[in-house]
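Peer 1: Compute the structure for the input listed below.
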Amino acid sequence: MQNDLGNYRKSYEKRALTEDNISDNPMELFQKWFYEVEASEGTEEPNAMTVSTLGLDGFPKNRVVLLKKYTYEGFIFYTNYESEKGKSIAENSNVCLSFFWPTMERQVIIKGNAEKIAENLSDGYFESRPEGSKLGAIVSNQSSVIPSREFLEIKLKELEKEYSGKDIERPDYWGGYIVKPLSIEFWQGRPNRLHDRIRYSLQEDFDWNIERLAP
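Peer 2: Got it, this is the predicted structure:
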């Protein structure tokens, strides 16, 4: 099989990223960009982000999850702590997050450390989820091998009967991580592949060093 994609071309011409229109804190620029992406047409799930971890097998692995909250401290998402990503984070908490927003010709890359959030925060978010999502978190032993799709559906029906009329509590193997950034790079597409790249790096005094990178 051969499929030459060399003729795929796109000229990035919508925006620019210059030092005179950025904040001293990268989280403020992230918030500005996120709001602009939300307001733009054609962007589904602007909070979809790629999480990269170093697996126990020594290989990096990427997967898309949903960002559920961001603060000055970092970026929060939820998952099964016993999943492949959870086991990888337990072994090596260095992770990379990335957002790609093609409608705005933008990308954000975050390197940082992931750690579990407080249990009461995970409880609060779990309580806000639809009942089906709560049961799904219990049904799925994430990343484990299963015999069939039917296996999951049977387990779900059994749990629906078991929890009928009852509160569904968060299992202790499911909860949130916060990724506390050490560096955040903002990428804005520009013509002739001379893209704008601005990187914020956290310093020992907790100020951010700002640098422009070659495209």
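Peer 1: who are the neighbours in contact with S11?
Peer 2: By C-beta atoms under 8 Å, 6 or more residues apart in numbering, S11 lies in contact with 191-192. Where you see a C-beta, it was placed from the backbone N, CA and C, and this is true even at glycine.
Peer 1: Is F151 in a helix, a strand, or coil?
Peer 2: helix (DSSP: H, G, I helix; E, B strand; the rest coil).
Peer 1: neighbours of it, just the number please.
Peer 2: 11 (other C-beta atoms under 10 Å).
Peer 1: how about the strands in the chain?
Peer 2: Under the criterion DSSP state E, the chain contains strands at 48-54, 60-66, 69-70, 75-80, 94-101, 106-116, 174-188, 196-202, 208-212.
Peer 1: Those: which one's closest to S143?
Peer 2: strand 75-80 (7.5 Å; C-beta to C-beta).
Peer 1: Give the rounded mean pLDDT of the closest one.
Peer 2: Mean pLDDT, strand 75-80: 98.
Peer 1: cool, stretch 113-123 as well?
Peer 2: The average pLDDT for stretch 113-123 rounds to 98.
Peer 1: For it, which residues meet the burial criterion?
Peer 2: 113-114, 116-117, 121-122 (16 or more other C-beta atoms under 10 Å).
Peer 1: The strands of the chain into JSON lines, with extra columns for distance to E38?
Peer 2: Converted to JSON lines, the strands of the chain look like this (distance: least, C-beta to C-beta, whole Å):
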{"stretch": "strand 48-54", "distance to E38": "12"}
{"stretch": "strand 60-66", "distance to E38": "14"}
{"stretch": "strand 69-70", "distance to E38": "13"}
{"stretch": "strand 75-80", "distance to E38": "16"}
{"stretch": "strand 94-101", "distance to E38": "10"}
{"stretch": "strand 106-116", "distance to E38": "13"}
{"stretch": "strand 174-188", "distance to E38": "17"}
{"stretch": "strand 196-202", "distance to E38": "21"}
{"stretch": "strand 208-212", "distance to E38": "24"}
